[in-house]
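*Asks:* Dropping the sequence and predicted coords here.
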Amino acid sequence: MRADKEQGVSEILLRSKRKRARKELLLKTAAYFFLTLGGISMILPFLWMISTSLKEAQAIYTFPPKWIPDPVIFEAYIKVWKIVPFARFYFNSIFVAFCVTAGQVMTSAFAGYAFSRLRFPGRDKLFFAYLATMMIPYSVILVPVYILMVYFRWIDSYKALILPAMFTAYGTFMLRQFFMSIPRDLEDAARIDGCSLFGIFWKIILPLSKPALATLTMFTFMASWNNFMWPLLVTNSTEKATLPVGLSYFQEVYQYTQPDWSLLMAGSLLAVLPVIIVFVFNQRFFVEGIKLTGIKG
C-alpha cells in the first residue's frame with residue numbers, strides 16, 4: 001500500500017516536471033520567435049539600402065522588387081564623391097564627432113569624479129541642479145544657444161559645432177553612479193602611498209571604469225555623428241557641413257528631376273560605416289558595462 005502511494009506521488013511529480021518543461025519550452029520558443037522577427041524587421045531596411053546602392057536606376061522601380069541586384073554596379077560609390085564634396089562632409093563629421101566625444105567623456109569623467117568622491121559645500125544641491133537640466137527639451141535650448149553663437153560670432157565654424165556639445169548632464173550622472181560603485185579602500189590605500197587626487201583619478205578610477213567610459217563613448221559618438229538639427233542651424237557653407245546635412249544636398253542636386261536613389265543609398269551606407277565600426281570595437285565593453293551595472297544594482 002505504501003509503495004503504491006509512493007509510486008503515485010512520483011508519477012504526479014514527474015507529470016508536473018514535464019508540464020513545467022513544456023511550458024518553459026513554449027515560452028523560450030515564443031521569445032526566440034519574437035526576437036527573430038524584431039531582428040529581421042531591423043536588418044531588412046539596411047539590406048535594402050545595400051541592394052539599392054548596387055542597382056541600376058531603372059532596376060530600382062521594378063515590381064516585384066529584386067533583393068539581389070543583377071547586374072551588380074558600384075558606380076554609385078564612385079559618383080557620390082564627385083557630385084557633392086562628400087570627402088569634406090566626411091572629414092567634418094569625423095573631426096566634429098571625435099572632438100565632441102573626447103570632450104564629453106573628459107568633462108563627464110572629471111565632473112563625475114568630483115560629485116562622487118570630493119566633498120565640498122553644496123555638492124549634492126549643485127549635482128541635482130545640474131541633473132535637472134536633463135528635463136529641459138532639446139528644442140527649448142536651441143534658440144538661446146544659437147543666439148549665443150551669433151553673439152560670439154561663431155556661426156559657420158567648428159567652435160559652434162563642437163563647444164556647446166562638449167558638456168552633458170547624462171554622461172556626468174552615468175559616470176558618477178559608476179564611480180560610486182568602486183570601493184573606497186583602493187583610494188585609501190593609494191592615498192597612504194602618497195598618491196594625489198589626480199593620481200587616484202588617473203591611475204585607479206579611470207582604469208576600473210573602462211566599461212562605463214566605452215559605453216559613454218559609443219553613445220556620444222553615435223549622437224554626434226547622427227546629429228542633423230544643430231549643424232543645419234549653425235553652418236551656412238558646404239565647407240563646414242557634416243554628413244547628415246551633406247546628404248540633404250543630394251536632393252538639391254536633383255531638385256527638378258527624380259532623385260537618384262542608388263546614389264543616395266550609397267552615401268547613406270558610407271555614412272553608417274563609422275558607427276558600425278565603433279559599435280563593433282566597443283561591443284565587448286558595452287556588454288560588460290551592462291552586466292556590471294546589473295550586478296551592482
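*Replies:* Yep, that arrived.
*Asks:* So the residue most central in space within the chain versus Arg184, what's the distance?
*Replies:* Residue closest to the average C-alpha location in the chain (CA atoms, centre = their mean): Phe219, at 3.2 Å. Distance of Phe219 to Arg184, given as CB to CB, to the nearest Å: 28 Å. Using the backbone N, CA and C atoms, a C-beta is placed for each residue, glycine as well.
*Asks:* repeat for Leu273
*Replies:* Taken as CB to CB, the span from Leu273 to Arg184 is 43 Å.
*Asks:* Next: Ile204.
*Replies:* In terms of CB to CB, Ile204 sits 11 Å off from Arg184.
*Asks:* ok now do Thr235, which residues does it touch?
*Replies:* By CB atoms under 8 Å, 6 or more residues apart in numbering, the residues touching Thr235 are 156, 160-161, 241-242, 245.
*Asks:* actually Val150, not the one I typed
*Replies:* So Val150 contacts nothing (CB under 8 Å, 6+ apart).
*Asks:* What distance do you get for it to Phe98?
*Replies:* Taking CB to CB as the criterion, Val150 is separated from Phe98 by 26 Å.
*Asks:* Leu47 now?
*Replies:* 29 Å.
*Asks:* Extract the CA atoms of the helix or strand where Lys125 lies and return them as CSV.
*Replies:* In this assignment (DSSP states H and E), Lys125 forms part of helix 123-132. Output of helix 123-132 as CSV, limited to C-alpha atoms (Å, rounded to 0.1, in the frame of the first residue of the first chain):
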residue,chain,number,x,y,z
ARG,A,123,27.8,69.4,-3.7
ASP,A,124,24.5,67.5,-3.8
LYS,A,125,22.4,70.6,-4.5
LEU,A,126,24.7,71.5,-7.4
PHE,A,127,24.5,68.0,-8.7
PHE,A,128,20.7,67.9,-8.6
ALA,A,129,20.5,71.3,-10.2
TYR,A,130,22.8,70.1,-13.0
LEU,A,131,20.8,66.9,-13.3
ALA,A,132,17.6,68.9,-13.6
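*Asks:* List of residues touching it?
*Replies:* If you take CB under 8 Å, 6+ apart as the criterion, helix 123-132 is touched by 111, 114-115, 169, 172-173, 176.
*Asks:* What is the most widely separated pair among those?
*Replies:* For the contacts of helix 123-132, the maximum inter-member distance is 13.7 Å, found between Ala114 and Ala169 (CB to CB).
*Asks:* Output the below-cut-off pLDDT ranges for the stretch 151-297 of the chain.
*Replies:* The stretch 151-297 of the chain contains residues with pLDDT under 70 at 251-259, 285-297.
*Asks:* just the helices in it please.
*Replies:* Along the stretch 151-297 of the chain, counting by DSSP state H, counting those that start in this stretch, helices occupy 158-162, 169-180, 184-192, 197-200, 206-208, 210-226, 229-234, 243-247, 249-253, 261-296.
*Asks:* Need those in JSON lines (columns: distance to Ala59).
*Replies:* Formatted as JSON lines, those follow (distance: least, CB to CB, whole Å):
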{"stretch": "helix 158-162", "distance to Ala59": "38"}
{"stretch": "helix 169-180", "distance to Ala59": "44"}
{"stretch": "helix 184-192", "distance to Ala59": "62"}
{"stretch": "helix 197-200", "distance to Ala59": "61"}
{"stretch": "helix 206-208", "distance to Ala59": "52"}
{"stretch": "helix 210-226", "distance to Ala59": "29"}
{"stretch": "helix 229-234", "distance to Ala59": "33"}
{"stretch": "helix 243-247", "distance to Ala59": "22"}
{"stretch": "helix 249-253", "distance to Ala59": "19"}
{"stretch": "helix 261-296", "distance to Ala59": "9"}
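*Asks:* so what's Val234 up against?
*Replies:* 146, 149, 154-157, 160-161.
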